[in-house]
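Enquirer: need a structure here:
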Amino acid sequence: MIRTMLAAFLLLFGLPLAFGGIQLGTLDGSWGYALLAAPLLVSAALLFLRKRSALLAYAVVILASLFWAIQEVGFDWWAMAPREGVVVVLGLLLLGGPIVTAGGVAFLSGTVDYYVRGYDLANGRELWRARLPAGGQSTPATYLGRDGRQYLVVVAGGHRYTGTKTGDSIIAYALPAK
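Expert: Now for the predicted structure:
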């Protein structure tokens, strides 16, 4: 489900980027946006097809956008900002990666809301979620406690750039016993 939603988002973002980039290029502007749209659309298609190479295609977007920005404006931060905006906006979706348990559950807290969630890897269904006291823009961790149970740990520190409340919480959740 999340993979499909991300693919749809990349497609909806990539199509206007492609058409706008082509229009800009034909008006003697930069072709950079149109060229960036191609691997973005390829990444969307590969996500729809459930191919791991979608990540490689997205990495091409990041590297191509950086190369394009440096080639056009050098290292002038203010001139680079609008060119790198594509990567920044899409990068918000990747604030913190998931952690996957041996039982096939992926836990994710690197989002722009206040939740940590657990997903079934077999079907993408949300199995569990808990509200955090601050934004959880981080990758969760797990550990095996002295009692033999597995625990999930989340740092809820928030971040002003994502619009989430900041905090200083470290929360551990006990996973169900086998």
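Enquirer: which is the succeeding secondary structure element to the helix or strand of the chain with the lowest mean pLDDT?
Expert: Within the chain, judged by mean pLDDT, DSSP states H and E, the helix or strand with the poorest mean is helix 77-91; its value is a mean of 65. Reading on from helix 77-91 to the C-terminus, the next helix or strand found by DSSP states H and E is strand 99-100.
Enquirer: what distance separates that next one from the middle of the whole chain?
Expert: With C-alpha atoms, centre = their mean, to the nearest Å as the basis, strand 99-100 stands 15 Å off its chain's centre.
Enquirer: quick one: list the elements packing against the next helix or strand along the chain from it.
Expert: Counting by DSSP H and E, the element after strand 99-100 in chain order, helix or strand, is strand 105-108. Packing partners of strand 105-108 (3 or more C-beta pairs under 8 Å, 6 or more residues apart in numbering; DSSP states H and E): strand 99-100, strand 115-120. All C-beta atoms are positioned from the backbone trio N, CA, C, and that covers glycine.
Enquirer: indicate which one of those is closest to D168.
Expert: Counting by C-beta to C-beta, D168 lies closest to strand 115-120 out of the helices and strands packed on strand 105-108; the figure is 16.1 Å.
Enquirer: what's that closest one in contact with?
Expert: Applying C-beta atoms under 8 Å, 6 or more residues apart in numbering, the contact partners of strand 115-120 are 2, 98, 104-109, 111, 125-132, 136, 140, 152, 154, 173.
Enquirer: all set now, cheers.
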